[in-house]
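In: Have a look; sequence and predicted model below, questions after that.
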Amino acid sequence: MRVLLRGGPGDGQVVSGGGETVAWRACLYELTTERSCRQGVDLRVYRHRADCCEVHGRGAEDRCE
């Protein structure tokens, strides 16, 4: 399934994914109830996690690029 990413470094990207979360590069995106239409295709919208880019309490491998 193709999904649309909103917010963060991947804003506007259309990627393959599904489920509760989607990973794009080093960022995590969470499923929302929103939908968006791109080129006639209905896409589910995933929002950038608010804590994704925070340095405190997370490992370096989990930080956004």
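Out: Good, I have the coordinates. Because the structure is a prediction, the values reported are computed rather than measured.

In: Just give me the residue right at the centre of the chain.
Out: Tyr29 (2.9 Å; C-alpha atoms, centre = their mean).

In: Next up, the contacts around that residue.
Out: When contacts are counted by C-beta atoms under 8 Å, 6 or more residues apart in numbering, Tyr29 is found next to Leu5, Arg6, Gly7, Gly8, Gly10, Thr21, Val22, Ala23, Tyr46, Arg47, His48, Arg49. (C-beta placed from N, C-alpha, C; glycine too.)

In: Mind doing that once more with 10 Å?
Out: 3-8, 10-11, 13, 15, 17, 21-23, 45-49, 52 (C-beta atoms under 10 Å, 6 or more residues apart in numbering).

In: Could I have the buried ones of the residues you listed as PyMOL selection syntax?
Out: Of the contacts of Tyr29, the buried ones go into a single PyMOL selection, burial set by 16 or more other C-beta atoms under 10 Å:
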select buried, resi 3+4+5+6+7+8+10+13+15+17+22+45+46+47+48+49+52
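
In: Quick check: strands, which of the contacts of Tyr29 are part of them?
Out: With DSSP state E as the criterion, strands contain Val3, Leu4, Leu5, Arg6, Val15, Thr21, Val22, Ala23, Val45, Tyr46, Arg47, His48 from among those.

In: residues touching the first one, list them.
Out: Applying C-beta under 10 Å, 6+ apart, we find Val3 in contact with 13-19, 22, 24, 29, 31, 36, 43-46.

In: ok, 6 Å please
Out: Applying C-beta atoms under 6 Å, 6 or more residues apart in numbering, we find Val3 in contact with Gly17, Leu43, Arg44, Tyr46.

In: returning to what we had before: skip the chain neighbours and tell me the closest residue to the residue nearest to the centre of the chain.
Out: With sequence-adjacent residues excluded and distances taken as C-beta to C-beta, 6 or more residues apart in numbering, Tyr29 is closest to Tyr46, at 3.7 Å.

In: pLDDT score for that neighbour?
Out: You'll see Tyr46 listed with a pLDDT of 97.

In: same question, the one 10 residues further on
Out: Model confidence at His56, given as pLDDT, is 53.

In: same check, this time on Ala26
Out: In this model, Ala26 is scored at 85, pLDDT.
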